[in-house]
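S.K.: Provide a 3D model corresponding to the input given below.
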Amino acid sequence: MTTGQAGRHRQPSAASMTGSGRLGWADLPAELVVNLERRLGSRVVDATGQPGGFSEGVAVRARLADDRGVFVKAVNALAAPGVARFHRREIAVSGQLPAAAPVPRLLDAYDDGTWVALMFEEIDGRLPAQPWRLDELEQVLGAADELARILTPAPVDPALLGRPRLGGWQALAAEGAGDRLSTLSPWAATHLDELVELETGAGPLLAGDTLLHGDLYPFNVLLSPAGVRVVDWPHAWVGAAHCDVLTLLSTATLAGIDPQPLADRHPLTRDLDSDAIDAFLAVHSGFLLRLASMAGTGADPNLVGMATALGRSSLDWLRRRR
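M.R.: Numbering: from 1, shown residues only. Sure, this is the predicted structure:
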């Protein structure tokens, strides 16, 4: 479907793909910088903040005195304990990803109990254009197929992983959240029982033995001359190979692209039972819209905006399928 054709449906609006809680390299304590440079084996002479992602703390592309490039992310565990927990999990996951996986290589990590930092090889790449260009979306979908083949069976110990960030309709129903939900999605508010039913039966349809990224959105993808590289792995989980592909496809509506023809062609979704697609879209949108509905006044507005846009986009595809 072209953008013009998609205009018959009210499209969810996009939001900033970068969180508002980022720090610069100059904000890091001098002692931490010394420790990181010692591990890198060279002094940082330039550091540029990078777009994409919503974790608080530092996310920079750094140039070293020996002319190497690295990517560094760091967070203060006392100021942002949740982000530190994700960084520590990403250290564990990244250390077990196979060399063949299209991901940046973890060079080193640092954790003194207060500051947690990861140092990756630099990827000469950029975020995909947003709204999606169809050719770039298809390129990333192809990479998702390759990723699933390499990561099946899962090469990472499941004990290192968190629970999948899926589901929310049952909780919203139990909370009596119809009023606050109606401001995010009137359709969801009037179809809450149906969404709860889809979520309740989703478990067997999500089961599998593939290591999934669990957060495969355009802000976690880099397009490089060497191909697609998938970054940021703290939300990985083990399940059905098609789940990451459906996550990507659910973002297409934000660009006015109908995801259904793409799903009908993709090797991981073309033969899927319709119920499996509907169940995933339900639990996916449920997590995002519950997250948005629970946001307080101190929440990152960019994160809330993106969760709302992505949740509505997934729900819009589900609504049309139903």
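S.K.: where does pLDDT dip in the chain?
M.R.: Along the chain, segments meeting pLDDT under 70 span 1-21, 51-54.
S.K.: nearest residue to the middle of it?
M.R.: The chain has residue 215 as the residue nearest its centroid, 2.4 Å off, counting by C-alpha atoms, centre = their mean.
S.K.: separation between it and residue 118?
M.R.: Going from residue 215 to residue 118 by C-beta to C-beta, to the nearest Å gives 16 Å. C-beta: built from backbone N, CA, C; applies to glycine.
S.K.: what's the answer for residue 155, then?
M.R.: Applying C-beta to C-beta to residue 155 and residue 118 gives a distance of 19 Å.
S.K.: how about residue 117, phi and psi?
M.R.: Its backbone dihedrals place residue 117 at phi -140, psi 150, with angles given as degrees, to the nearest 10.
S.K.: excluding chain neighbours, give the residue nearest to it in space.
M.R.: Leaving aside its chain neighbours, residue 117 sits nearest to residue 74 (3.7 Å; criterion: C-beta to C-beta, 6 or more residues apart in numbering).
S.K.: correct me if wrong, but the one you found is in a helix.
M.R.: No - counting by DSSP: H, G, I helix; E, B strand; the rest coil, one finds residue 74 to be strand, located in no helix.
S.K.: tell me, how many residues neighbour it?
M.R.: Other residues lying near residue 74 total 24 when counted by other C-beta atoms under 10 Å.
S.K.: show me where the stretch 101-250 of the chain has its helices.
M.R.: Listed in chain order, the helices of the stretch 101-250 of the chain (DSSP state H, counting those that start in this stretch) span 134-150, 169-174, 178-184, 186-190, 192-200, 203-206, 243-250.
S.K.: so for residue 89, which of these sits nearest?
M.R.: For the helices of the stretch 101-250 of the chain, distance to residue 89 was read as C-beta to C-beta. The smallest value, 17.5 Å, belongs to helix 243-250.
S.K.: quick one: contacts of the helix or strand that comes right after the closest one?
M.R.: Downstream of helix 243-250, the next assigned helix or strand under DSSP states H and E is helix 259-265. Here helix 259-265 makes contact (C-beta atoms under 8 Å, 6 or more residues apart in numbering) with 1, 137-138, 141, 245-246, 249-250, 252-253, 269-270, 272, 277, 317, 320-321.
S.K.: quick check on those residues: which are buried?
M.R.: 1, 137, 141, 245-246, 249-250, 252-253, 269, 272, 277, 317 (16 or more other C-beta atoms under 10 Å).
S.K.: could you dump the residues you listed into TSV and include distance to residue 128?
M.R.: Formatted as TSV, these follow (distance: C-beta to C-beta, whole Å):
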residue	distance to residue 128
1	19
137	7
141	11
245	15
246	17
249	14
250	15
252	12
253	15
269	20
272	24
277	23
317	19
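S.K.: just say which of the helices of the stretch 101-250 of the chain is most tucked in.
M.R.: Among these, ranked by average contacts under mean count of other C-beta atoms under 10 Å, first place goes to helix 243-250 (a mean of 25).
S.K.: which parts of the chain are strands?
M.R.: Here the chain has its strands, by DSSP state E, at 22-23, 44-49, 57-64, 69-76, 106-111, 115-121, 210-212, 221-224, 227-230, 237-239.
S.K.: give me whichever of those is most buried.
M.R.: strand 210-212 (a mean of 26).
S.K.: what's around residue 251, how many residues?
M.R.: Other residues close to residue 251 by other C-beta under 10 Å number 27.
S.K.: ok, it - contacts?
M.R.: 132, 217, 218, 310, 313.
S.K.: can you check residue 269 too?
M.R.: So residue 269 contacts 242, 245, 246, 249, 263, 277 (C-beta under 8 Å, 6+ apart).
S.K.: one more time with 10 Å, if that's ok
M.R.: Residues in contact with residue 269 (C-beta atoms under 10 Å, 6 or more residues apart in numbering) are 141, 145, 241-242, 245-246, 249, 259-260, 262-263, 276-277, 280.
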